[in-house]
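Undergrad: quick check, what structure comes out for this input:
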Amino acid sequence: VIGYFAGGYVFPFVIWTAYGMLYRIPGFVLLYDPVLFVIALAASLLCSAGTTYLALRIEMQNMPANLIRPKTPAVGKRIFLERITPLWKRLKFLHKVSLRNIFRFKKRMIMMAIGIGGCTALLITGFGIQDSIRSVVDYQYEEITRYDASVTFAHAMTQEERETFSETYAEDLAQCGFAAEKSLDASANGQTKTTNVVCPESGSVDGLIDLHTKAGEPVAYPADGACIISRGLADALRVSVGDTVTLRDTEMHTCELPVAAVFENYVYNYVYLTQNTWQTLFAAEPEYETAWLNFPRMKFRRRFLPTRTLPS
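TA: The predicted model follows:
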């Protein structure tokens with residue numbers, strides 16, 4: 001009872017406070033569910049009193065006089081390894097005791113096998129997860145995302161403001177591309193996935209993002225009325241090239257687009273559109289609030305990478 005009411009308050013309050021450091025959210029409201037309380041109470045009683053009953057039900061049927069007598073030790077039996085005299089003589093005493101306990105008592109042997117097997121499974125799982133995600137960042141930001149920096153402005157940049165920005169920093173930038181981006185729902189085959197829809201100003205991402213297939217073949221930017229999607233989104237929606245994807249924003253504007261290509265991407269899900277397709281979907285022109293920047297290689301290395309002092 002104490003655990004239910006204390007935990008039901010402490011854990012939500014801590015999580016709510018942590019999110020409140022990043023987001024502006026309403027006040028904390030605490031609600032208790034009586035059905036959930038009954039389920040939790042029954043589960044706790046079953047785990048505590050139930051296991052106690054199973055452990056003592058045989059003992060409680062004996063006479064008290066029999067219970068206070070010491071138990072008769074189990075009949076000693078030789079294990080198979082004891083018959084191999086040269087090997088058994090070379091084992092240490094503790095090793096002999098351990099082997100006897102393992103092979104003479106089936107429960108201990110089963111517990112040992114389950115314990116070692118479970119620990120080994122956890123180790124293999126941990127190494128597998130590490131091996132799976134270790135190179136994700138390198139693949140994403142060396143092979144796919146090729147721009148050096150991303151700038152997010154406080155408001156959507158007009159055409160004049162974008163031109164002024166490009167002219168002001170022309171000497172410091174090798175390439176500058178503006179993009180509009182929104183988060184919306186993509187659905188197909190009864191599946192719905194939240195994704196990022198991106199529309200570059202130039203209608204191309206050459207030099208900024210390398211769009212390619214799993215086999216390394218380049219993916220062309222889609223034409224009007226079509227889209228290209230990341231492989232993770234295609235797998236989640238169970239679609240491929242030629243299938244149709246429905247995009248819906250928060251204002252319930254929907255648009256059905258054919259999938260022109262599927263490209264590799266490891267961080268987040270993306271859908272790329274042209275300006276005309278964006279206007280058809282959102283009934284408004286793209287709002288360019290993000291700039292992708294590439295610096296000259298020598299300037300980038302001189303400004304942002306550590307320098308080395310060579311010996312004379």
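Undergrad: quick one: buried residues of stretch 190-203?
TA: 193, 195-201 (16 or more other CB atoms under 10 Å). Using the backbone N, CA and C atoms, a C-beta is placed for each residue, glycine as well.
Undergrad: any chance of a markdown table for those, columns secondary structure?
TA: Shown next, in a markdown table, are the buried residues of stretch 190-203 (DSSP: H, G, I helix; E, B strand; the rest coil):
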| residue | secondary structure |
| --- | --- |
| Lys193 | strand |
| Thr195 | strand |
| Asn196 | strand |
| Val197 | strand |
| Val198 | strand |
| Cys199 | strand |
| Pro200 | strand |
| Glu201 | coil |
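Undergrad: neighbours around Thr51, how many?
TA: 10 (other CB atoms under 10 Å).
Undergrad: mind checking which helix or strand of this structure has the lowest mean pLDDT?
TA: helix 297-304 (a mean of 53; mean pLDDT, DSSP states H and E).
Undergrad: where in the protein is pLDDT low?
TA: 74-76, 298-312 (pLDDT under 70).
Undergrad: three-state assignment of the residue in it sticking out farthest from the centre?
TA: Taking CA atoms, centre = their mean as the measure, the residue most remote from the mean C-alpha position of the chain is Ala65, 60.1 Å away. Three-state call for Ala65 (three-state DSSP): helix.
Undergrad: quick check, nearest of the buried residues of stretch 190-203 to Lys96?
TA: Closest approach between these and Lys96, by CB to CB: Lys193, at 59.7 Å.
Undergrad: what is the closest one paired to in the beta sheet?
TA: Lys193 has these beta-bridge partners by DSSP bridges: Ala186.
Undergrad: contacting residues for it?
TA: 185-187, 233, 236-237, 269 (CB atoms under 8 Å, 6 or more residues apart in numbering).
Undergrad: dump the residues you listed into JSON lines; add neighbour count and distance to Pro12 as well.
TA: Formatted as JSON lines, the contacts of Lys193 follow (neighbours: other CB atoms under 10 Å; distance: CB to CB, whole Å):
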{"residue": "Asp185", "neighbour count": "14", "distance to Pro12": "27"}
{"residue": "Ala186", "neighbour count": "25", "distance to Pro12": "31"}
{"residue": "Ser187", "neighbour count": "15", "distance to Pro12": "31"}
{"residue": "Leu233", "neighbour count": "24", "distance to Pro12": "32"}
{"residue": "Ala236", "neighbour count": "18", "distance to Pro12": "30"}
{"residue": "Leu237", "neighbour count": "23", "distance to Pro12": "33"}
{"residue": "Asn269", "neighbour count": "21", "distance to Pro12": "30"}
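Undergrad: pick out the most distant pair among those residues.
TA: Farthest pair in the contacts of Lys193, by CB to CB: Ser187 and Asn269, 12.6 Å.
Undergrad: if I look at the closest residue to Cys227 other than its chain neighbours, how far off is Val137?
TA: Leaving aside its chain neighbours, Cys227 sits nearest to Leu257 (4.4 Å; criterion: CB to CB, 6 or more residues apart in numbering). For Leu257, the distance to Val137 equals 30 Å [CB to CB, to the nearest Å].
Undergrad: swap in Phe263?
TA: For Phe263, the distance to Val137 - CB to CB - is 18 Å.
Undergrad: same question, Arg297
TA: Distance from Arg297 to Val137, by CB to CB: 21 Å.
Undergrad: all helices for the stretch 51-200 of the chain, in order.
TA: With DSSP state H, counting those that start in this stretch as the criterion, the stretch 51-200 of the chain has helices at 51-56, 64-67, 85-89, 93-104, 106-133, 136-138, 159-168.
Undergrad: can you pull the buried residues of the fourth one?
TA: Meaning helix 93-104. 99-100, 103.
Undergrad: again, but for the shortest one
TA: Under the neighbour-count criterion of 16+ other CB under 10 Å, helix 136-138 has nothing buried.
Undergrad: what does the third one give?
TA: Using 16+ other CB under 10 Å as the burial criterion, the residues of helix 85-89 that qualify are Trp88.
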